[in-house]
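Engineer: Kindly return the folded structure for what I paste below:
(4 chains)
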Number of protein chains: 2
Amino acid sequence: MPTLSDVAKKANVSKMTVSRVINHPERVTEELKIMVHAAMKELNYKPNVMAKALANNRTQIIKLLILEEMDYVEPYYMQLLVGIANELEKHSYGLQLVTKRNTQIGDSDGYIVCGMRETDYKWLNTLDKPMVLFGENTHGYDFVDSDNQKSIEKAVEYGVLLNYETIVFIGMDVNEPFALSREKGYRNAMEMYGLKQQVVKLENRSRFSATFIRENWQEFNSNTLFICATDRLALGISRELQEQGGNIPEEYGIIGHDGVFLDQIAYPFLTTLKQSLDEMGAAAVQLVLNKINAGGLPQENAIFETELKLGGTTREPSV
Amino acid sequence: MPTLSDVAKKANVSKMTVSRVINHPERVTEELKIMVHAAMKELNYKPNVMAKALANNRTQIIKLLILEEMDYVEPYYMQLLVGIANELEKHSYGLQLVTKRNTQIGDSDGYIVCGMRETDYKWLNTLDKPMVLFGENTHGYDFVDSDNQKSIEKAVEYGVLLNYETIVFIGMDVNEPFALSREKGYRNAMEMYGLKQQVVKLENRSRFSATFIRENWQEFNSNTLFICATDRLALGISRELQEQGGNIPEEYGIIGHDGVFLDQIAYPFLTTLKQSLDEMGAAAVQLVLNKINAGGLPQENAIFETELKLGGTTREPSV
DNA sequence: TTTTTTTCTGTTATCGGTAACATCGAAGAT
DNA sequence: ATCTTCGATGTTACCGATAACAGAAAAAAA
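Structural biologist: Model (predicted):
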């Protein structure tokens, strides 16, 4: 492995000049820059991350804290992780995954946090490294998230376009910002269209939404659309509607939210609001690295729109 | 952050002695060891991973190569990843995730590879760092895997116990060792019980196994058990059996394989052969780190038994 | 022209560890 | 009693980079 010194020798300059070409190119003559670049290419020079880290007093490690209980795995995270990992790699950063079990966390340059609930913030405050949260929050932390409200608004809009007469919202019974935003999106859009609102909140498990349908089956007349806060809930709705003999998508429509894995497992495929998790993961990385390299910046968020991905649980738009 | 020197000063010894206490305690007097340990505790000394890495010419990074196409995410990996990540953290190693997209891989101390197919081995050969594969292979690489054969043997045995008359194997149409082992497990056990073997091989997608049932529905008389090479296949079988009005689990039984996420999504829950992925992840890490620290050792594998996790797709054993 | 300033490049010390060699006292050998 | 040998500790140099300072040449000001 060639080092800075090797490059320096080859280019007939000092190590410092080579270092400058890499980190502060504006402080070096064009002429030398060219020579150094030539030497680097010729030797196929790759900077030694560890040495750089040591000299800069960095660890080149970002910790990903997954605060959610992992007893039932969210496939969600896998895509996110890939997005994060790829982006970190671009910047020569390593990843360390921290789950609720091993709170004994070592050193790092910054954190990306996901799955946090309100009760976690007190603890988060004690971490004094740059940090970006995955999911909107009201505690002033930088975050990356989907535009939850707009997302559900789009769903309602689409439901109206499809002429579903009743539009029900199956939400989550947690008081977290993302859940509230989704509900707000529903309420907003319904009000805008002057439609009667109907909100149900359940624990985020498919069997609970299935039970809900079973127990309230007679209430729902034909031509109803269920907009669900998660694909998990949508899955339960779909399953039980079929069980009860409901015709999907003609009599009953379903729109889920998340678009990771579950929508593909369902039969028929769910129409869902798909988040671009790998982009979001990459964005989270960029935000933390910004903070690390620039000291304390003001809050900066990245908000992504979801994409309405059509499956078999909504009928075709009439032309 | 206290350093080696700080500890050395406090204990009135040289840096080297402190270093020895940590890395070669047998070369230091009991007396000094105690003093140094006291000093370390008092200062709450944590070794600087980067410095150590630099001095040892290590990167303290393990790359996890996921060679599988990630267009449909395997929730499988999430658990594995958690297992790997936790174990790496214990040893102050960072993780870098490499997917098929970014084959441009930087430096690392070793690799854990998963999702490889026969065509990948040529390329794997070019990597000359310590490597452990996730999944059995016939190329002489160290690996970690479930005992695929025994696993399916257990399934057959259980099916016999439950008095299912016909036992069918729904396998995967790939020529990979793990798939072959599972099939072999079926054939072995069936032969042992003197039962008629019936093997079907399909692409690993639930809709293909569903289609299979739809098209061959009349062939399967009641009292049949389907042993599936994956939960994905089991899911499709379950779905379509219900669609056709088959009674699960009394008339038709299903046993899946993997026990990650999908079995919980299915309705009813799948009876499945559960792999302990986090343990396996940890084992993979231990194997690579062994290789890294000990130079080229002979091949070493870690094979884990699966656990038969009962769900609603098999009937109760008669007492 | 001389002095001052600016711009660029090289030197030195340092980040926090570790290997290799040097040193020194005590135990064993002769 | 002298010479080895050995075990325990300290010294020095180095891993591969960077910041801070120093120095030299070029540009600007006098």
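Engineer: excluding its backbone neighbours, what's nearest A:G253?
Structural biologist: Spatial nearest neighbour of A:G253, chain neighbours left out: A:L225 (4.0 Å); criterion: Cβ to Cβ, 6 or more residues apart in numbering or on different chains. The way it works is simple: take the backbone N, C-alpha and C, and place the C-beta from them, glycine included.
Engineer: Please, which helix or strand holds the one you found?
Structural biologist: Per DSSP states H and E, A:L225 falls inside strand A:224-228.
Engineer: Which neighbouring elements make contact with that strand?
Structural biologist: helix A:148-161, strand A:166-172, helix A:231-243, strand A:252-258 (3 or more Cβ pairs under 8 Å, 6 or more residues apart in numbering or on different chains; DSSP states H and E).
Engineer: now do 10 Å
Structural biologist: helix A:148-161, strand A:166-172, helix A:177-192, strand A:199-202, helix A:206-216, helix A:231-243, strand A:252-258, strand A:271-274 (3 or more Cβ pairs under 10 Å, 6 or more residues apart in numbering or on different chains; DSSP states H and E).
Engineer: Run me through the strand neighbours of that strand, direction for each.
Structural biologist: In the sheet, strand A:224-228 lines up against strand A:166-172 (parallel), strand A:252-258 (parallel) (DSSP bridges).
Engineer: Also compute the angle for that strand relative to helix A:148-161, please.
Structural biologist: Orientation note: strand A:224-228 sits at an angle of 170 degrees relative to helix A:148-161 (axes from the mean of the first three to the mean of the last three Cα atoms, to 10 degrees).
Engineer: buried set for stretch A:22-42?
Structural biologist: A:I22, A:V28, A:L32, A:K33, A:M35, A:V36, A:H37, A:A39, A:M40 (16 or more other Cβ atoms under 10 Å in any protein chain shown).
Engineer: can I get those residues in CSV with secondary structure, distance to A:T313 and pLDDT?
Structural biologist: Formatted as CSV, the buried residues of stretch A:22-42 follow (DSSP: H, G, I helix; E, B strand; the rest coil; distance: Cβ to Cβ, whole Å; pLDDT from 0 to 100):
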residue, secondary structure, distance to A:T313, pLDDT
A:I22, helix, 53, 96
A:V28, coil, 60, 94
A:L32, helix, 63, 95
A:K33, helix, 58, 95
A:M35, helix, 63, 95
A:V36, helix, 59, 96
A:H37, helix, 55, 97
A:A39, helix, 60, 96
A:M40, helix, 55, 96
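Engineer: re the thing from before, can you report how many residues neighbour the residue nearest to A:G253?
Structural biologist: Neighbourhood size, A:L225 [other Cβ atoms under 10 Å in any protein chain shown]: 26.
Engineer: Equivalent analysis for A:T272, please.
Structural biologist: 30.
Engineer: now the one 10 residues further on
Structural biologist: Applying other Cβ under 10 Å, we find 22 other residues in the vicinity of A:A282.
Engineer: With A:N216 instead?
Structural biologist: By other Cβ under 10 Å, the residues close to A:N216 number 11.
Engineer: Find out how far stretch A:127-144 is from the centre of the chain, if you would.
Structural biologist: 13 Å (Cα atoms, centre = their mean, to the nearest Å).
Engineer: for stretch A:16-28, same thing?
Structural biologist: The answer for stretch A:16-28 is 36 Å, by Cα atoms, centre = their mean.
Engineer: Just confirm yes or no for that stretch near DNA strand C.
Structural biologist: Yes - for stretch A:16-28, a contact with DNA strand C is found by Cβ under 7 Å from any atom of the strand, at A:M16, A:T17, A:R20, A:R27, A:V28.
Engineer: contacting residues for the nearest residue to A:L233 once chain neighbours are set aside?
Structural biologist: In space, and not counting its chain neighbours, A:L233 is closest to A:S209: 4.4 Å by Cβ to Cβ, 6+ apart. With contact set as Cβ atoms under 10 Å, 6 or more residues apart in numbering or on different chains, A:S209 has these partners: A:170, A:200, A:202-203, A:226, A:228-230, A:232-240, A:254.
Engineer: which of those residues are buried?
Structural biologist: A:170, A:202, A:226, A:228-230, A:232-240, A:254.
Engineer: Tell me, how many residues neighbour the closest residue to A:E307 other than its chain neighbours?
Structural biologist: The shortest distance from A:E307 to any non-neighbouring residue, by Cβ to Cβ, 6+ apart, is to A:K274 (4.8 Å). The local packing of A:K274 (other Cβ under 10 Å) involves 18 other residues.
Engineer: what about A:K129, which SS state?
Structural biologist: Put simply, A:K129 is coil when judged by DSSP: H, G, I helix; E, B strand; the rest coil.
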